[in-house]
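Trainee: generate coordinates for the sequence data below:
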Amino acid sequence: MNISAFEMNPIRISKNNRGTGIAPSREKRRNRESRNRRNSERKERFRKIQKIKKDYYQTVLRNAQQLGTIASNKNQTTNHVYSSMAFRKSIQQQVQLYGGVSNNVSIKREDTEHSAPADSNIGGSDNVYMVYRFSHDFRKYVSCPGRPGLATQDTDSRIQGQRVLEWLIAPVELAEFTSRYWERYPVFVRRGKPNYNQMWFSASELDIILRTKEVEFSVNLDVTTFSDGVRETHNPEGRAHAPVVWDYYSNGCSVRLLNPATYSTSVWRLLSQLGEFTGCLVGANVYLTPPGTQGFAPHYDDIEAFVLQLEGRKRWRLYRPRNIAEQLARTSSPNLDPSDLGAPDFDEILQPGDLLYFPRGTIHQAEALPDTHSLHITVSMYQKNSWADYLEKLLPAALKRVINADIEFKRGLPFDFLDYSGKAFREDSGTSRLASQRDEFAQRVRGLVTRLCHHLPLDGVSDAIGAERLHDALPPVLNESERYSSIFGRQSIPQWVTNKPQVLGVSMQGSTAVKLIRRGCLRLIGDDQDRLFIYHSIENPRVYRAEAPKLFEIPAEVEPGVVHLIQSYPEFVAVSSLPLDAESSCDLCTRLYEKGLLLTKPFDKDRSYRRY
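Mentor: Below is the predicted model:
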């Protein structure tokens, strides 16, 4: 056998001699084949991952599009309305309304003339709980803005938040919900659509969070049990590692994630958009309960609760407030004894896709069914957002303001007012002198209170509350269009990266069209020293009050420009239209844009945005 000189003297192939006919050695050839094989395997894994992601997002988008469809058949079969006679005319025919809830799901038609009026209080003798069920042909859903990209840049952020709330309570109309049920009666929506709530959270996402994020026991997560009338929290110290949490879960502990918006973009988007509409702090907890267990004792809360059932089934029992002090409670209750509650006013099983709403002060307890786990998210709002909370801030501020403006408030009290006012003098002893002095004293107090009402600092208190809300609020979730037209998506490449000259920094022109990034993203507030500050939420962390309030000072002369931007929302306005001189208008808008508070308007349809 003849051996060629080439086989006897193999030469390494380099970049310079590649393709010249010189073959590599067997070892180099094996290495190259191995490397190519690894690269192919890596590309195949990447392709599979991309396919999984694509299929997932297409599924979510398809579900969202289905939720956004409106039935074209105008001649749908309507359902009968089951309720009291007083409600029949106002309830939509597309849903079934049941008055009074029994322990089973059977329907009881009530034709009685008495029912709770729309303006009655919770807990009255005529109080009824409302249960809505979807009809088979009912497909009138509001569009779901839960997925990025469904909302356009020109949409008012408050309208987006309204659509989210409409989506949560569908098929109940928002006007009907706020006028009849909000802060009055619980509402239960049986949808029969298991995928309706699935986009917000899942048990598998909780597992990923535990394995990849810094979740601390007692800070971010609780493991609890309620058995034999005793509620216990079993939190160890330190990080909540997934194996530890699932060990507690396998031993019958419920898992409560306290701040899911910190870890889940879907929950973050949901709460942020609801906060834009309600104007208050909107929070959420996620509850995962093992089969046949209960994690919490009966209690009532100081929030309006929207329970979205995500996975499994759970039995909910609600009890009306026991007295007027518990109605629309301003503080949460301690753990209550089930034996003191009597029969529940509401007893139903929530299934995936269902919604349960109940007002502040509603006593509740929930238990997973024996054959399945339960996962639900409770969206909470309107904590410390009542007229009482407003007046607690308003009246002291008004008194402080009026003291130096009205001399009558600084005049001395009568010498003998303690002789006819107080507990010992509440019951009139029959002495006309005491009665007349008490009446005169009470009339003087009422007169001062009336004068106080003419010095109410309504704007100042509203600004103070607005600053607190901005401190509490989650930062907005920007869609792709908003990112492209804000500082967060601006493409600015330093000169040393390329040889081509690039634009550095940001500047505004008079023809640039701008608007606020959200309706409630900032507030203009002055202090006692006539300084002006802009408070905002765009740089807030996703953890409740983890950082100081975000604010910066602005010159007093640009106040009209800021007011113009606030009052013009949601319309785009040209920089030159601000009631300032050209230089001040450009400087103000440039600064707000750099802070992430302004959007610029695209000028063509191919997503080309203004470059400055």
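Trainee: name the element residue 332 belongs to?
Mentor: For residue 332, there is no host helix or strand (DSSP states H and E).
Trainee: now for it, how many residues are close by?
Mentor: Neighbour count for residue 332, taken as other Cβ atoms under 10 Å: 13. In short, each C-beta sits where N, CA and C put it, glycine included.
Trainee: do a quick rundown of the helices in the stretch 101-250 of the chain.
Mentor: Along the stretch 101-250 of the chain, counting by DSSP state H, counting those that start in this stretch, helices occupy 157-169, 174-176, 203-212, 242-250.
Trainee: and residue 405, what does it touch?
Mentor: residue 455 (Cβ atoms under 8 Å, 6 or more residues apart in numbering).
Trainee: could you report the neighbour count for the closest residue to residue 572 other than its chain neighbours?
Mentor: Spatially, and ignoring its direct neighbours in sequence, residue 572 is nearest to residue 513 (4.1 Å; Cβ to Cβ, 6 or more residues apart in numbering). Neighbours of residue 513 under the rule other Cβ under 10 Å: 17.
Trainee: who does residue 513 bridge with?
Mentor: Under DSSP bridges, the beta-bridge partners of residue 513 are residue 574.
Trainee: distance of it from residue 254?
Mentor: In this view, residue 513 and residue 254 are 51 Å apart by Cβ to Cβ, to the nearest Å.
Trainee: same deal with residue 375?
Mentor: Distance from residue 375 to residue 254, by Cβ to Cβ: 11 Å.
Trainee: report the distance from stretch 39-58 to the chain centre.
Mentor: For stretch 39-58, the gap between its own C-alpha mean and the chain's C-alpha mean amounts to 33 Å (Cα atoms, centre = their mean, to the nearest Å).
Trainee: now stretch 31-42
Mentor: Distance, stretch centre to chain centre, for stretch 31-42: 48 Å (Cα atoms, centre = their mean).
Trainee: residues contacting the most centrally placed residue in the chain?
Mentor: Centre of the chain computed as the mean C-alpha position; nearest residue by Cα atoms, centre = their mean is residue 271, 1.6 Å away. Counting by Cβ under 8 Å, 6+ apart, residue 271 touches 261, 282, 283, 284, 379, 474.
Trainee: of all pairs in those residues, which one is the farthest apart?
Mentor: Across those, no pair lies farther apart than 379 and 474, at 12.6 Å, counting by Cβ to Cβ.
Trainee: quick one: low-confidence ranges for the stretch 301-450 of the chain?
Mentor: Across the stretch 301-450 of the chain, the ranges flagged by pLDDT under 70 are 427-433.
Trainee: where exactly do the helices run in the stretch 501-612 of the chain?
Mentor: 559-568, 582-594.
Trainee: pLDDT of stretch 279-288, averaged?
Mentor: The average pLDDT for stretch 279-288 rounds to 97.
Trainee: just stretch 518-536 next, same as before
Mentor: For stretch 518-536, mean pLDDT is 95.
Trainee: ok, residue 236 - contacts?
Mentor: Per Cβ under 8 Å, 6+ apart, neighbours of residue 236: 217, 244.
Trainee: residue numbering should commence at 281 henceforth.
Mentor: Noted, 281 is the first residue going forward, which turns the last one into residue 516.
Trainee: what helix or strand is the closest residue to residue 665 other than its chain neighbours on?
Mentor: Of all residues not flanking residue 665 in the chain, residue 560 sits nearest, at 4.6 Å (Cβ to Cβ, 6+ apart). According to DSSP H and E, residue 560 maps onto no helix or strand at all.
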